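*Asks:* Build me a structure from this.
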Amino acid sequence: MISNKSINICINPFRSRKRSQVMKVGIVIGRQQRERLFRKETCEQIDALGDVVWAEYDGSGSVEEAVELLQGCEVGVGSWRTPHPGQAELFAACPELKGWIHAAGSVKFIFGNPQVIERKLRVGSCAPAIAKTVAEFTVGALIAGLRRSFDNALANRYGAGGKPDHCRFLATSTIGVVGLGQVGREVVRLLRCFGTKIMVYDPFLTEKEAEALGVGCCGDLLALCQQVDALTLHVPALPQTQKMLRREHWQALSDHAVFVNTSRGVCIDQDSLTEELGKGRLTAFLDVSVPEPLPSDHPLRQLPNCYYSNHIAGGASPLIGEQVYRDLCAWQRGEHFTMEVTVADLERLA
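*Replies:* Here you go, the predicted structure:
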């Protein structure tokens with residue numbers, strides 16, 4: 001690598017000049033974050049695509065540093081807390097920028113800059129990569145909850161705890177999936193490997209699509225709760241999804257049912273869930289809450305049937321870097337990004 005100290009970047013020397021036009025890519029993700037998102041081999045694959053410039057600062061970087069790095073680039077790559085085209089100063093200073101890959105989830109903030117729409121910047125989200133890790137966490141929670149494995153582990157800490165009561169198997173359970181976006185679909189894909197009966201609530205799901213996915217389609221959320229052994233929530237935080245699961249839904253769940261929330265805390269009535277969990281009827285795995293994190297004395301931290309984690313289901317993983325590579329390959333071929341987001345998509349996305 002040839003270091004350019006004046007702008008604190010690193011210029012990739014592996015440049016293919018066989019074609020008349022070489023794709024130039026600017027990656028404004030600092031070194032510490034980059035190490036969490038990109039394996040060494042993924043970086044090498046990206047380097048081989050053309051003229052790739054990687055940020056060499058340690059933190060998130062400033063707008064000024066990003067502007068220097070992105071000069072002449074047709075595609076930029078950012079992530080959580082990095083500079084981005086939603087910042088008018090950056091986008092105006094990068095006239096050749098035509099595509100942006102967000103190596104993270106939501107891209108709504110990028111469209112807050114009207115120039116992004118006027119210049120028809122193509123925007124890709126790595127939400128599909130994050131969906132895989134969230135779905136993995138979700139299925140793990142469903143298995144642990146249905147099998148009562150954590151309860152049994154605690155019981156065995158000081159001696160023979162005996163077999164857990166009300167143990168169920170994923171393969172013979174009915175699982176309710178609320179929301180069939182990127183995460184919901186990945187959860188369904190994993191659950192199908194177990195032969196699980198899957199029921200889905202999603203206002204946008206048609207009977208024909210449900211049949212193709214091998215799931216049942218339930219048009220009433222309360223009715224869904226009455227039919228399942230476990231319920232998992234995967235909806236974006238939108239005005240229409242706030243507190244969509246409330247007291248009546250918890251009460252509709254059968255005794256010993258499992259609830260998993262890897263979505264957002266605002267999408268449930270947290271107070272009524274806390275009250276219902278206090279009765280000992282249900283088991284909950286909550287990776288999100290309101291607020292985040294919960295106060296140290298909050299009941300959800302103390303209840304023995306509530307397993308509270310601090311937003312670890314998704315986040316940075318090498319799967320994101322792998323999607324960035326695939327999306328850059330797609331750009332080079334003149335194809336769409338894995339998840340290319342347009343203005344028309346925004347009302348349904350977080």
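*Asks:* List the buried residues of the strand or helix carrying Y325.
*Replies:* Element membership of Y325, judged by DSSP states H and E, is helix 318-332. Residues L319, I320, G321, E322, Q323, V324, Y325, R326, D327, L328, A330, W331 are the ones in helix 318-332 that count as buried (16 or more other CB atoms under 10 Å). Yep, even glycine has a C-beta here, placed from its N, CA and C like the rest.
*Asks:* for stretch 110-123, same thing?
*Replies:* By 16+ other CB under 10 Å, the buried positions in stretch 110-123 come out as I110, F111, N113, V116, L121, R122, V123.
*Asks:* And the residues you listed, which two are furthest apart?
*Replies:* N113 and R122 (14.4 Å; CB to CB).
*Asks:* Beyond the strand or helix carrying E68, next helix or strand please.
*Replies:* E68 is located in helix 63-69, with elements delineated by DSSP H and E. The helix or strand immediately downstream of helix 63-69 is strand 75-78, counting by DSSP H and E.
*Asks:* Name the nearest residue to T232, sequence neighbours excluded.
*Replies:* In space, and not counting its chain neighbours, T232 is closest to V260: 4.2 Å by CB to CB, 6 or more residues apart in numbering.
*Asks:* check contacts around C94.
*Replies:* Taking CB atoms under 8 Å, 6 or more residues apart in numbering, we find C94 in contact with V67, L70, Q71, C73, G76, P85.
*Asks:* redo that, cut-off 6 Å
*Replies:* By CB atoms under 6 Å, 6 or more residues apart in numbering, the residues touching C94 are L70.
*Asks:* So it versus R36, what's the distance?
*Replies:* The gap separating C94 from R36 is 25 Å, by CB to CB, to the nearest Å.
*Asks:* same thing with D229?
*Replies:* If you measure D229 against R36 using CB to CB, the figure is 36 Å.
*Asks:* between the two, which one's more packed in?
*Replies:* A direct count of neighbours by other CB atoms under 10 Å for D229 and R36 places D229 higher, at 22 against 14.
*Asks:* Quick check, the more buried one in contact with S173.
*Replies:* Yes: because the distance of 4.1 Å satisfies CB atoms under 6 Å, D229 is recorded as touching S173.
*Asks:* now the buried residues of stretch 110-123 in CSV, with secondary structure, pLDDT and distance to R189?
*Replies:* CSV is the format used below for the buried residues of stretch 110-123 (DSSP: H, G, I helix; E, B strand; the rest coil; pLDDT from 0 to 100; distance: CB to CB, whole Å):
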residue, secondary structure, pLDDT, distance to R189
I110, helix, 98, 28
F111, helix, 97, 29
N113, coil, 97, 35
V116, helix, 98, 32
L121, coil, 98, 31
R122, strand, 98, 27
V123, strand, 98, 25
